[in-house]
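Peer 1: below are the sequence and a predicted model; questions follow.
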Amino acid sequence: MGESLLHLGSSAQTQAGVKPVNEDAVAIFCPDSTYLQQVKGQVLIVADGISAAEAGKEASASAVSRFILEYYQTPDTWSVSHSGEQVLSAINLHLYRRSHEFTDEHKGYLTTFSAAVLKGRQLHFFHVGDSRIYLYRNGELQQLTRDHVANLGNNHRFLSRALGMDNLLHVDYSSQLLEQDDLLLLTSDGVHDFLSLQQLSEVLSEDKEADNLSQQLIQKALDAGSDDNLSAVVAKVRALPQQQVDDFNAELTRLPFPPTLSPGMKLDGYEVLEVLYNSARSQLYLVKDLQDDSQWVMKTPSPNFSDDSHYIDRFIQEQWIGSRIHHPNVVSILAQQRPRTALYYLMEPVRGQDLDGWRASNPKAGPKRRIQLIRQLAEALKAFHANDAVHQDVKPGNVLIDDNDKLMLVDFGSVFVAGVAELYRPIEHLGALGTATYADPNYLLGKNPGAQGDVYSLATLCYELFTGQLPYGERIADCRTWSDYDKLRYVSASRHNPVIPLWFDRALEQGVSFDLTLRYQTIDQLMADLNHPNPELLKELPPPKEAGKLMLWKLISGFWFITLLVVIYLFSQQ
């Protein structure tokens, strides 16, 4: 079986050099937890506190220790880029505020910061300042970062970016794939300002363990006349995580598929009370915990897919994701403590009907009740987005509503999680996951639009909830290519429901636009325009004739005033 973790040989050295105080800080961190190594990776850091800032030593030490502490505390659903940028922004603001303790604007808590995060088979790096990150591969040394310095002439230059320099941080981020025997080198300017690229390359080319290389680089820079603090971190890729499909299947199928269950049967201390749902893909059972009589919904995989790696992977991912999204409008998944003898997971019971059923049962429901459902669904989706996840399959069947109009979003089978996507996965999920009628066409054609995909689905469900129709008609279900979608035209919601105001219709149209540059970027943007009239959405009205400008604008103003009164009345009705 192949290795499942990345293995490094590494070393870090920092010295004051000829200076009385060492204001550099370095770190290499590999978590003890195998799980954290997989979802967060290993970290290498060099930070060079700015001597002229007086608090450079404290700034570099604080930045390094806080990054390691807070990066590993970020949600495991977050991508490396999102985690790192969020943590660095917080550290930067902390240092910036502490800098205000100094009366001199040139003094403060300032430090460069260069970090490499090695997760799976990928290298991610964050950089601000003039420390550097290099990659030595196949006999060639490449500088991955660029120095953030401004040259003033006469060999005078100053740092243009650093942690703590400004309240808003502009950090460089990039990523690339790692290869076997890659060498990573992180240095402060006390090393690379005194050693050329060729000299650095000569040291790294020697067939030595990484343990010795960092000290050797520092000594070579001292011999070259370095008059600054010196720091070097070296890491060599000894083994990349490699898994064969057979290995991955064996890991996933440690637990057997349970048999088809019926009322009265017991599994791991849970008694089946009722069969709630049964399809070719999965089964749902209402079960009772025999220890405390609590009731749960058990979801089991269909035996039809016992040898399907894609299906098994997605089923396991459903439970992992669901146990990490916590929101009153998202179904809760039980974090089980007792051992399992079969593959399944437990969810809280949700009583109610799906969105189509609710619409059929409440044909006379007023706009206020309808928009309240959309608001709940929006909040549920925002809970996913806050965890760097996208639902990707928002449809009526995945929205349950109880007798008190409380909405619950269910089903995690199509969720995309940035943090999971970064992991090396020998199994690629095939085919479109969303439902053609409600999913963003970008999904169905192989592109991931991120949170904008959920914006599209939310706007589509809102349109259908208020009109009983789809924004582009039923023909959208038959589209297979972009040319098919290009033939479709948005149907004004007011054509199906004349009381819908123009601004509300325009907001829905923008929410379901196929063009991502025209569509809302976030759920909040869409909901702001659905909840409150946006005058900007009326600017597409035909321009007035020169002779009748004044009268036309008076009419528009009157129309606007009447519209507001109508909206206030409608949305106050149950």
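Peer 2: In hand now; what should we look at?
Peer 1: from here on, just use CA atoms for contacts and neighbour counts.
Peer 2: Will do.
Peer 1: so, low pLDDT: which residues of the chain?
Peer 2: Residues of the chain meeting the criterion pLDDT under 70: 1-3, 53, 102-107, 153-155, 207-208, 243-254, 418-435, 540-574.
Peer 1: from Asn138, how far off is the residue positioned nearest the centre of it?
Peer 2: In the chain, the residue lying closest to the centroid (CA atoms, centre = their mean) is Asp388, at 2.3 Å. When distance is defined by CA to CA, to the nearest Å, Asp388 is 36 Å away from Asn138.
Peer 1: over to Gln122?
Peer 2: Counting by CA to CA - Gln122 and Asn138 are separated by 17 Å.
Peer 1: more crowded one of the two?
Peer 2: Per other CA atoms under 10 Å, whichever of Gln122 and Asn138 has more neighbours is Gln122, with 19 against 11.
Peer 1: the closest residue to that one other than its chain neighbours: what's it in contact with?
Peer 2: Nearest non-adjacent residue to Gln122, counting by CA to CA, 6 or more residues apart in numbering: Leu177, 4.5 Å away. Contacts for Leu177 (CA atoms under 8 Å, 6 or more residues apart in numbering) come out as 121-123.
Peer 1: same question for Glu85.
Peer 2: Applying CA under 8 Å, 6+ apart to Glu85 gives the contacts Val171.
Peer 1: can you give me phi and psi for it?
Peer 2: Note on Glu85: backbone dihedrals following degrees, to the nearest 10 are phi -70, psi -40.
Peer 1: same check, this time on Gln283
Peer 2: Taking degrees, to the nearest 10, you get phi -130, psi 150 for the backbone angles of Gln283.
Peer 1: I'd assumed Asn304 was in contact with it.
Peer 2: No - Gln283 is beyond contact range of Asn304, at 11.6 Å (criterion: CA atoms under 8 Å).
Peer 1: more neighbours, those two?
Peer 2: Gln283 (19 against 11).
Peer 1: bridged to that one, which residues?
Peer 2: Beta-bridge pairing for Gln283 (DSSP bridges): Asn278, Thr300.
Peer 1: over to the one 4 residues further on?
Peer 2: Following DSSP bridges, Val287 is listed with bridge partners Val272, Trp296.
Peer 1: got the contact list for it?
Peer 2: Contacts here follow CA under 8 Å, 6+ apart; on that basis Val287 touches 270-274, 295-298.
Peer 1: that one and Asp440: what is the separation?
Peer 2: Counting by CA to CA, the gap from Val287 to Asp440 is 36 Å.
Peer 1: likewise for Gln337?
Peer 2: Relative to Asp440, Gln337 is positioned 38 Å away (criterion: CA to CA).
Peer 1: the two: which has the busier surroundings?
Peer 2: Legend: neighbour count by other CA under 10 Å for Gln337 and Asp440, higher for Asp440 (27 against 6).
Peer 1: contacts only, for that one.
Peer 2: 434, 453-454, 456-457, 514.
Peer 1: with secondary structure added, can I get these in CSV?
Peer 2: Listed next are the contacts of Asp440 as CSV, based on DSSP: H, G, I helix; E, B strand; the rest coil:
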residue, secondary structure
Gly434, coil
Gly453, helix
Asp454, helix
Tyr456, helix
Ser457, helix
Phe514, coil
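Peer 1: among the contacts of Val287, which pair sits farthest apart?
Peer 2: Tyr270 and Glu274 (12.0 Å; CA to CA).
Peer 1: have a look at the two and say which one is more surrounded.
Peer 2: Each of Tyr270 and Glu274 has its neighbours counted (other CA under 10 Å); Tyr270 has more, 20 against 16.
Peer 1: quick one, phi psi at that one?
Peer 2: Dihedral angles for Tyr270 - degrees, to the nearest 10 - are phi -120, psi 130.
Peer 1: kindly report the same for Thr260.
Peer 2: phi -60, psi 130.
Peer 1: gap between it and Thr341?
Peer 2: Relative to Thr341, and taking CA to CA, Thr260 is found at 14 Å.
Peer 1: does Gly190 belong to a helix or a strand, and which?
Peer 2: Under the criterion of DSSP states H and E, Gly190 resides in helix 189-192.
Peer 1: just Asn212 next, same as before
Peer 2: Here Asn212 sits within helix 210-223, counting by DSSP H and E.
Peer 1: helix or strand right after that helix?
Peer 2: With DSSP H and E, the next secondary element past helix 210-223 is strand 230-239.
Peer 1: give me the angle between that following strand and helix 210-223.
Peer 2: 150 degrees (axes from the mean of the first three to the mean of the last three CA atoms, to 10 degrees).
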